[in-house]
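Novice: From the sequence below, what's the structure:
(chains A and B)
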Amino acid sequence: MTPGGAGRTVIAMAHTIEALELTKRFGRTLAVDDLSFTVPAGCVTGFVGPNGAGKTTTMRMVLGLDRPDSGHALVSGRRYTELRRPLREVGALLDAAAVHPGRRASDHLLWLARSNGIAPRRVREVLELVGLDDVARRRVRGFSLGMLQRLGIAAALLGDPPVLILDEPANGLDPDGMIWLRSFLRSLAAEGRTILVSSHLLSELEDVADRLVVIGRGRLIAETDVAGLLASMSGKRVRLHTPQRSEVMGLLAAAGANVTSDGSDALTVTGLDAARIAELTAERGIPLYELTPLQATLEQAFTQLTRGVVEFSERRSS
Amino acid sequence: MMRALRAEWTKLRTIRSTTWTLLAIFGLTVGLGAVLAAGSESTPPGAGGDNDLVRDSLVGSYAAQFAVVAFGVLAITSEYATRMILATFTVVPERGRVLVAKVLLVGGTVLVVALATATTAFVLGQQLLRDGGYSPPGYPAWSLDDGPAQRAVLGTALLLTSLALLSLGVGAIVRHTALAITSLLALLFIPLVFAPLLPERARELVQQVTPGAGFAVQQTVAREDALPIGPWTGLGVSFAWAAGALFLALVLIRRRDA
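Specialist: From the prediction side, this is the model:
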């Protein structure tokens, strides 16, 4: 029995986000197409895809702002529109610039707090948390995009929610802001929160996301954990440096490898691993100055995944 | 519902345009009424006539419609213009509550301000008109103790309230500031300017069914230019417009994507 827990049933609720066959059409455009994925509790899931892939529309459907044509979404097992005090369950940042320019930062947070019965003193706390306490009484009009993003994150944290949904929080941040955001997201994750964070640039999520949901043209392309994805992409390409380029190219090609030259002395080999290349060249006594298995970056993995599904038209996603 | 109400109240009191618009309602009504009353003269003093002194002292309320429309419209369209409506509907997913809260606050605020405004305009206007020669025996001395004067003053406050609510409804329907304000000013001022040019039957119909019918609540003398509708019936027409717009707004706000 926990202290003070007499007679109180504590239901351990899994703080997850589930998209279940979500479909949304705008006129003739199929913005989200039969999209299902799960954001597991307690980890950071990156929601990535090119601009216009349907990320924002998906998030809007999760938050009950857009009505799906079919399918539905659940947050902690419930539909968002059924939540009585949603700020205590889910913090959301959709569009940081969507604030009234004539209102003071603290007043903006105050009306949000009032709407969910959150004590006004929490406003001061979240402003300190995101480092905006100095400008609390300034009107939002003069805020930079970076400050607006911080204000938006402060708003999302008002109800101290176990789940966070952040749409492109890195947009408009300068390098310092990026560093701040990454470490801030990591600290939020360390507190055990479930976080879904979108970006059209995967590099922004490197070192932050544990998992990825990749979409393109409204459809799911991949749902994977980052470590596994990187592992599956690594070790498949090898860079080497040799004074006997043409000989090596012929030799490796004969062994079934695909060898490309970028014009410099370096060659990039796929289809053979580094050990096998070393053996083959050693047999012929060919010297190698460099032999490096290339670690795939998240960005390369992403490019690989989304190749061919890039939607160029920018629709609703920003 | 209490939480939505407190949130909307916080929004309303934390932007400066609220104060300015409400001051404009007061200033336009009292100021314009005073200027017109001071400029009007009855000679010789005490001579009779058919001027409607009660209505004349409240004539500034016609100009106050601009501010009332702006106040009602902006209460919702400013959220669409800034896209803040996303946050509003995210934190209060039951959108009907948002609209109801706005109705109560916009209506309540305008009612209070307009009541103070109409009372001031009436008292000041009567004084100025009396000074201008509209005095006994030709004209009775009106005071707030008189039934018709009370009806006109309270009625003016209610009329402006109904117009604010109509504006809120139209704003919620069209979701665009300029479009909403233009539509409303057309609805309110085109009949005012052009109805007198129509054949009598058509003029009467227009004056009976447009939202401006509520101005009949200010009338105490049966004059040629009086609105052809009873005072309370006219006010009812104005409120019917507001109710219709708000009902449509409620249906749309729940159905549409934010």
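Novice: my read: B:L124 touches B:G33, true?
Specialist: Yes: counting by CB atoms under 8 Å, B:L124 touches B:G33, with 7.0 Å between them. The way it works is simple: take the backbone N, C-alpha and C, and place the C-beta from them, glycine included.
Novice: Identify the contacts common to these two.
Specialist: Common contact partners of B:L124 and B:G33 (CB atoms under 8 Å, 6 or more residues apart in numbering or on different chains): B:S57.
Novice: which of these two has more neighbours?
Specialist: Ranked by neighbour count (other CB atoms under 10 Å in any protein chain shown), B:L124 and B:G33 place B:G33 first, with 28 against 17.
Novice: Looking at the more buried one now. What's its pLDDT?
Specialist: As predicted, B:G33 sits at a pLDDT of 95.
Novice: now the helix or strand that contains B:I253: how far from the chain's centre is it?
Specialist: Using DSSP states H and E, B:I253 falls within helix B:231-255. Between the centre of helix B:231-255 and the centre of its chain there are 14 Å (CA atoms, centre = their mean, to the nearest Å).
Novice: other SSEs contacting that helix?
Specialist: Counting by 3 or more CB pairs under 8 Å, 6 or more residues apart in numbering or on different chains; DSSP states H and E, the packing neighbours recorded for helix B:231-255 are helix B:95-131, helix B:147-174, helix B:200-209.
Novice: In contact with residue 100: list those residues for me.
Specialist: Since no chain was named, I'll use chain A. A:H108, A:V140, B:K11, B:I15, B:S78, B:E79, B:T82, B:M84.
Novice: other chain: chain B
Specialist: B:V100 neighbours (CB under 8 Å, 6+ apart): B:M1, B:A4.
Novice: residue contacts, residue 129?
Specialist: Because you didn't say which chain, this covers chain A. A:A154, A:L157.
Novice: let's do chain B instead
Specialist: So B:L129 contacts B:A37, B:S40, B:L53, B:D56, B:S57, B:Y139 (CB under 8 Å, 6+ apart).
Novice: Number of residues surrounding the closest residue to the fifth one other than its chain neighbours?
Specialist: Yep, that's B:S57 we're talking about. With sequence-adjacent residues excluded and distances taken as CB to CB, 6 or more residues apart in numbering or on different chains, B:S57 is closest to B:G125, at 2.6 Å. Using other CB under 10 Å, the number of residues around B:G125 comes to 27.
Novice: mind listing the helices in the stretch 1-150 of chain B by residue range?
Specialist: B:2-13, B:16-39, B:53-57, B:61-82, B:85-91, B:95-131, B:147-174 (DSSP state H, counting those that start in this stretch).
Novice: Give me the helices and strands touching the helix or strand that the last one is followed by, please.
Specialist: Using DSSP H and E, the helix or strand that follows helix B:147-174 in sequence is helix B:177-194. Counting contacts by 3+ CB pairs under 8 Å, 6+ apart, helix B:177-194 is packed against helix B:61-82, helix B:147-174.
Novice: Can you spell out which helices and strands pack onto the helix or strand hosting A:V213?
Specialist: Under the criterion of DSSP H and E, A:V213 resides in strand A:211-216. Helices and strands touching strand A:211-216, by 3+ CB pairs under 8 Å, 6+ apart, are strand A:29-39, strand A:44-48, strand A:219-225, helix A:226-233, helix A:298-306.
Novice: Mind checking these for the one nearest to chain B?
Specialist: strand A:29-39 (11.1 Å; CB to the nearest CB).
Novice: pLDDT averaged over that closest one, what's the number?
Specialist: 95.
Novice: buried sites along that strand?
Specialist: A:L30, A:A31, A:V32, A:D33, A:L35, A:F37, A:V39 (16 or more other CB atoms under 10 Å in any protein chain shown).
Novice: That one and chain B, any residue contact?
Specialist: No: Strand A:29-39 does not reach chain B (CB under 8 Å from any CB of the partner chain); its nearest approach is 11.1 Å.
Novice: so what secondary structure elements neighbour that strand?
Specialist: Going by 3+ CB pairs under 8 Å, 6+ apart, strand A:29-39 lies up against strand A:17-26, helix A:55-62, strand A:70-75, strand A:211-216, strand A:219-225.
Novice: which residues are contacting that strand?
Specialist: A:16-25, A:45, A:54, A:57-58, A:61, A:68, A:71, A:194, A:196, A:211, A:213, A:215, A:217-220, A:223, A:315-316.
Novice: Name all residues that make contact with residue 253.
Specialist: No chain in the question, so chain A it is. A:V259.
Novice: hmm, I had chain B in mind actually
Specialist: Contacts of B:I253 (CB under 8 Å, 6+ apart): B:R95, B:G96, B:V98, B:L99, B:A172.
Novice: Number of residues surrounding the fourth one?
Specialist: Same thing as B:L99. B:L99, neighbours per other CB under 10 Å, totals 22.
Novice: swap in the first one?
Specialist: A total of 23 residues lie near B:R95 under the criterion other CB under 10 Å.
Novice: any idea of the pLDDT on it?
Specialist: 96.
Novice: now the last one
Specialist: Reading off the per-residue confidence, B:A172 sits at a pLDDT of 98.
Novice: right, is stretch B:163-172 up against chain A?
Specialist: No: Stretch B:163-172 is not in contact with chain A by CB under 8 Å from any CB; minimum separation 15.1 Å.
Novice: any idea how far that stretch is from the chain center?
Specialist: On CA atoms, centre = their mean, the centre of stretch B:163-172 falls 11 Å from the chain's centre.
Novice: can you list contacts of it?
Specialist: B:65, B:68-77, B:99, B:102-103, B:106-107, B:110, B:177, B:180, B:183-184, B:188, B:211, B:214, B:238-239, B:241-242, B:244-249, B:252-253.
Novice: Tell me how chain A divides into domains.
Specialist: A:17-226, A:235-294 (automatic domain parsing).
Novice: What residues are bridge-paired with the residue most central in space within chain A?
Specialist: Nearest to the mean C-alpha position of chain A, by CA atoms, centre = their mean, lies A:G46 at 2.4 Å. Judged by DSSP bridges, the bridge partners of A:G46 are A:V197, A:L212.
Novice: returning to what we had before: which one of the helices and strands packed on strand A:29-39 is the most hemmed in?
Specialist: Ranked by mean neighbour count, the helices and strands packed on strand A:29-39 are led by helix A:55-62 with a mean of 26 (mean count of other CB atoms under 10 Å in any protein chain shown).
Novice: Just the C-alphas of it, formatted as CSV.
Specialist: In CSV, the C-alpha atoms belonging to helix A:55-62 read as follows (Å, rounded to 0.1, in the frame of the first residue of the first chain):
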residue,chain,number,x,y,z
LYS,A,55,2.6,15.3,-40.7
THR,A,56,0.7,18.4,-39.6
THR,A,57,-2.7,17.1,-40.8
THR,A,58,-2.0,13.9,-38.8
MET,A,59,-1.2,15.8,-35.7
ARG,A,60,-4.3,18.0,-36.1
MET,A,61,-6.5,14.8,-36.4
VAL,A,62,-4.9,13.4,-33.2
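Novice: hmm, who's touching it?
Specialist: With CB under 8 Å, 6+ apart as the criterion, helix A:55-62 contacts A:17, A:19, A:22, A:24, A:31-32, A:35, A:47-49, A:66-68, A:73, A:75, A:80, A:92, A:94, A:165, A:167-168, A:196, A:198, A:200, A:215, A:218, A:316-318, B:257-258.
Novice: check contacts around residue 73.
Specialist: Using chain A here. Counted by CB under 8 Å, 6+ apart, A:A73 has contacts A:I17, A:E18, A:A19, A:L20, A:L22, A:M61, A:V62, A:R79, A:Y80.
Novice: You answered for a different chain; I wanted chain B.
Specialist: B:S167, B:L168, B:V170, B:G171, B:T177, B:A180, B:I181, B:L184.
Novice: Output the set of residues of chain A in proximity to chain B.
Specialist: Going by CB under 8 Å from any CB, the residues of chain A near chain B are A:60, A:63-67, A:80-83, A:85-87, A:92, A:94-95, A:97-104, A:107-108, A:110-112, A:114-117, A:155.
Novice: Sort out which of the residues you listed are buried, if you could.
Specialist: A:60, A:63-66, A:80, A:83, A:86-87, A:92, A:94-95, A:97-100, A:102-104, A:107-108, A:110-112, A:114-116, A:155.
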